[in-house]
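**Student:** below is the sequence, then the predicted model.
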There are 2 protein chains.
Amino acid sequence: MTDDHKSKMQDVQTKHREKIARAEDPGRGLILVHTGNGKGKSSSAFGVAIRALGWGKTVGVVQFIKGKWITGERQFFKKLPEVTWHTMGEGFTWDTQDRDRDIAAATAAYAKACDMMQSGDYDLVLLDEINIALRYDYLDVSEVIDGLKARSDRTSVILTGRDAKPELMDYADLVSDMTEVKHPFKSGIKAQRGLDF
Amino acid sequence: MTDDHKSKMQDVQTKHREKIARAEDPGRGLILVHTGNGKGKSSSAFGVAIRALGWGKTVGVVQFIKGKWITGERQFFKKLPEVTWHTMGEGFTWDTQDRDRDIAAATAAYAKACDMMQSGDYDLVLLDEINIALRYDYLDVSEVIDGLKARSDRTSVILTGRDAKPELMDYADLVSDMTEVKHPFKSGIKAQRGLDF
């Protein structure tokens, strides 16, 4: 090894430790938003769920859009007793073609989410694709934020979906934007079971 | 519901079905790169692993950097018989401060990864944080690409970590860039067990 490399790495280590020492535990669950037009918004939320489960935590999931689809994540998580899974009844909005029904389904799903968030029974609640319901105005963003504010201190919440509302990003502790750089569907490759759903 | 909404949604549905009909199954596993300076690169790879497992597929993981850390994902996946988990021995590079040892550890880990990718035993192999090993030139990008090319047709591979090499992105089927929009550590909030690791 070179002295230069060693001294550079020691510097990185010192800065990293100082940063950790400065950071504080917020004493409450965080609000995370995964948005953007790229892949990884829902899958990274499910990856965080795995982290939480690995530490013995409890997880609740409410899916706002993908009602009728059978997905790998649903089949996997539904088997785990530490996970409560709720999928909104009506499937993709362009499968129902009925705005009133979509609004009713989204509203019922958010009521279920509020129960989970306020119960104190969950360390993590995932509101999967809720940004789509907000984008189509099936849900009101200020009501959603009120629901987040009323959550148990114990509960972190991840909200996924493209086109996150600015008010929601403003309220969130973390916003991560997944950008599409190169996408196989665009080059004519079919969505793959076990990768894309 | 309004006729306008219905007709718009029908249009969306038609376009979506046409797109699906045009897409083809590539008949081989895909190469996915998760990069960028934001959160979600590793967690979305683990979320994709969950998808694969939900469909009864087999998963291999090689972690290139986070050797010494105990993480929720490791504790979770290590319990599953469908997952083969291998963590590189030496931990974060700034914990070792020894470039030769880092290179040896990364090289051994990639040899393990090549065994997995070529064996035909895995539907999905995750090379977690390998981009970091490439960035510090612990691994050579053309050798890594040769390893990917030699994979079994059955095997998809996800490579994670910031600063992905252009050659790797060029070879990949999908590149997703996770951008940091708002990050809790920056506002002085400590990394959370079950969310961040």
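**Tutor:** That came through fine. Numbering: from 1, shown residues only, chains lettered A, B, ... in the order given.
**Student:** show me what contacts the residue nearest to A:Met88 when sequence neighbours are not counted?
**Tutor:** Leaving aside its chain neighbours, A:Met88 sits nearest to A:Ala109 (4.1 Å; criterion: C-beta to C-beta, 6 or more residues apart in numbering or on different chains). C-beta here means a position set from N, CA and C on the backbone, and glycine is covered the same way. The contact partners of A:Ala109, taken as C-beta atoms under 8 Å, 6 or more residues apart in numbering or on different chains, are A:Val62, A:Gln63, A:Phe64, A:His86, A:Met88, A:Ala133.
**Student:** identify the residue nearest the geometric centre of chain A.
**Tutor:** A:Ile158 (3.5 Å; C-alpha atoms, centre = their mean).
**Student:** before we move on, which element is the closest residue to A:Thr35 other than its chain neighbours in?
**Tutor:** Ranked by C-beta to C-beta, 6+ apart and with sequence neighbours excluded, the top spatial neighbour of A:Thr35 is A:Ala164, at 3.8 Å. Per DSSP states H and E, A:Ala164 falls between elements, in no helix or strand.
**Student:** what of A:Ala108?
**Tutor:** Per DSSP H and E: helix A:99-119 holds A:Ala108.
**Student:** quick check: what element follows that helix along the chain?
**Tutor:** strand A:124-128.
**Student:** quick one: residues in contact with the next helix or strand after that following strand.
**Tutor:** Next in sequence after strand A:124-128, counting helices and strands by DSSP H and E, comes helix A:130-135. For helix A:130-135, the external contacting residues (C-beta under 8 Å, 6+ apart) are A:33, A:35, A:62, A:64-65, A:93, A:102, A:106, A:109-110, A:113, A:139, A:141, A:144, A:159-165, A:168.
**Student:** mind saving the C-alpha coords of helix A:130-135 as CSV?
**Tutor:** Provided in CSV are the C-alpha atoms of helix A:130-135 (Å, rounded to 0.1, in the frame of the first residue of the first chain):
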residue,chain,number,x,y,z
ILE,A,130,-49.7,6.3,-3.5
ASN,A,131,-48.1,9.1,-5.6
ILE,A,132,-50.1,7.9,-8.6
ALA,A,133,-53.3,8.2,-6.6
LEU,A,134,-52.3,11.8,-5.6
ARG,A,135,-51.3,12.6,-9.2
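**Student:** for it, the averaged confidence score.
**Tutor:** Helix A:130-135 shows a mean pLDDT of 94.
**Student:** the next helix-or-strand element following it close to chain B?
**Tutor:** Counting by DSSP H and E, the next helix or strand C-terminal to helix A:130-135 is helix A:141-149. No - against chain B, helix A:141-149 shows no contacts by C-beta under 8 Å from any C-beta of the partner chain, the least distance being 15.0 Å.
**Student:** show residues contacting helix A:141-149.
**Tutor:** Helix A:141-149 is touched from outside by A:Ile31, A:Tyr110, A:Ala113, A:Cys114, A:Met117, A:Ile130, A:Leu134, A:Val157, A:Lys165, A:Glu167, A:Leu168, A:Tyr171, with contacts defined as C-beta under 8 Å, 6+ apart.
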